[in-house]
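Undergrad: Dropping the sequence and predicted coords here.
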Amino acid sequence: MWDNPRAMNLAANLLYVLAGTIVLVAIGVELVRSPAFPLRVISIEGELARVERGEIVDALQGRLQGSFFTSDLDLVRERFETVPWVRHAVVRRIWPDRIEVRLEEHAELARWGRREDSKLVNIQGEIFAGESDSDLPVFSGPPDSEKDVARGYVEFSGLLAPLGLRPRQVILSERRAWQLKLDSGLVVQLGRDLPKDGVHERLGRFVEAYPRALGQIKRRLDYVDLRYPNGFVLRVPGLQRADDLKSPHPKA
């Protein structure tokens with residue numbers, strides 16, 4: 001190679017490029033670390049009804065360090081997502097000196113379990129810690145069933161809407177049997193969701209029969225058991241026995 005001028009010139013050029021690249025990288029690192037790029041502004045975006053300013057200040061107090069370039073955005077996001085009622089945070093840098101944080105709040109759908117447990121369910125079917133003064137329905141079920149219960153609530157509400165009724169309580173048992181308590185006070189025993197006779201089909205038959213059968217009863221309805229293939233059992237306070245519109249044995 002030493003006898004080849006072209007090869008020597010090419011090697012020299014490559015060395016110059018490598019040296020220049022190293023210098024540029026070093027300058028870039030120094031600029032990033034330089035106090036000439038301080039972080040001056042943190043802006044909070046999003047429609048916030050539950051998150052309070054003091055909670056935001058507390059979340060970042062003493063934890064946001066570095067310049068515009070070196071501040072840890074993942075840490076900022078994690079800190080914001082520890083704030084009560086914050087479901088999700090998106091954090092990004094805005095040149096030259098600002099960090100923008102967009103927050104998404106939980107939208108509560110129901111209370112989970114006992115009121116004193118301070119657990120709520122959002123519209124995505126996720127449990128979160130929070131207090132609410134709203135008159136919310138109550139859900140309960142086995143561990144990790146909250147999405148199923150939330151989905152069931154929405155579907156049952158749609159089926160009951162023609163009757164002007166809504167579930168006030170939705171219970172899913174350990175055996176995956178469903179029970180509803182409606183805003184009228186009526187308890188609806190749906191049972192398990194079977195392949196040939198699902199809970200939605202049972203509730204649909206009940207809604208269809210309600211106007212011509214139950215709607216004619218001039219008493220408050222107390223309890224209805226829909227776990228029968230050809231009808232249901234109804235309990236009415238003050239009557240000696242149930243109005244029996246069923247086959248002999250329940251299905252689930």
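TA: The structure has been received and is ready for your questions.

Undergrad: Break this protein down into its domains, please.
TA: The chain is divided into the following domains under automatic domain parsing: 1-33, 41-105, 108-245.

Undergrad: Dump these into a markdown table; add mean neighbour count and mean pLDDT as well.
TA: In this view, the C-beta of every residue, glycine as well, is placed from N, C-alpha and C. Converted to a markdown table, these look like this (neighbours: other CB atoms under 10 Å; pLDDT from 0 to 100):
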| stretch | mean neighbour count | mean pLDDT |
| --- | --- | --- |
| domain 1-33 | 10 | 47 |
| domain 41-105 | 14 | 85 |
| domain 108-245 | 16 | 88 |
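
Undergrad: just the CA coordinates of stretch 159-172, formatted as PDB?
TA: Only the C-alpha atoms of stretch 159-172 are listed here, as PDB (Å, rounded to 0.1, in the frame of the first residue of the first chain):
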ATOM      1  CA  LEU A 159     -80.700  -5.000  26.400                       C
ATOM      2  CA  LEU A 160     -82.700  -3.400  29.300                       C
ATOM      3  CA  ALA A 161     -82.900   0.000  27.700                       C
ATOM      4  CA  PRO A 162     -86.300  -0.600  26.000                       C
ATOM      5  CA  LEU A 163     -87.800  -1.200  29.500                       C
ATOM      6  CA  GLY A 164     -86.300   2.000  30.900                       C
ATOM      7  CA  LEU A 165     -84.300  -0.100  33.400                       C
ATOM      8  CA  ARG A 166     -80.600  -0.100  34.200                       C
ATOM      9  CA  PRO A 167     -78.300  -2.400  36.300                       C
ATOM     10  CA  ARG A 168     -77.300  -0.800  39.600                       C
ATOM     11  CA  GLN A 169     -75.200  -3.800  40.600                       C
ATOM     12  CA  VAL A 170     -73.500  -6.400  38.500                       C
ATOM     13  CA  ILE A 171     -72.100  -9.500  40.200                       C
ATOM     14  CA  LEU A 172     -70.000 -12.200  38.600                       C
END
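
Undergrad: which residues are contacting that stretch?
TA: The contact list for stretch 159-172, computed with CB atoms under 8 Å, 6 or more residues apart in numbering, reads 110, 137-142, 145, 148-149, 152-153, 156-157, 178-184, 186, 200, 203-204, 207, 210-211.

Undergrad: In strands, which of those appear?
TA: 110, 138, 139, 140, 178, 179, 180, 181, 182 (DSSP state E).

Undergrad: So which of those is the closest to residue 99?
TA: residue 110 (34.7 Å; CB to CB).

Undergrad: Fine, thanks again, bye for now.
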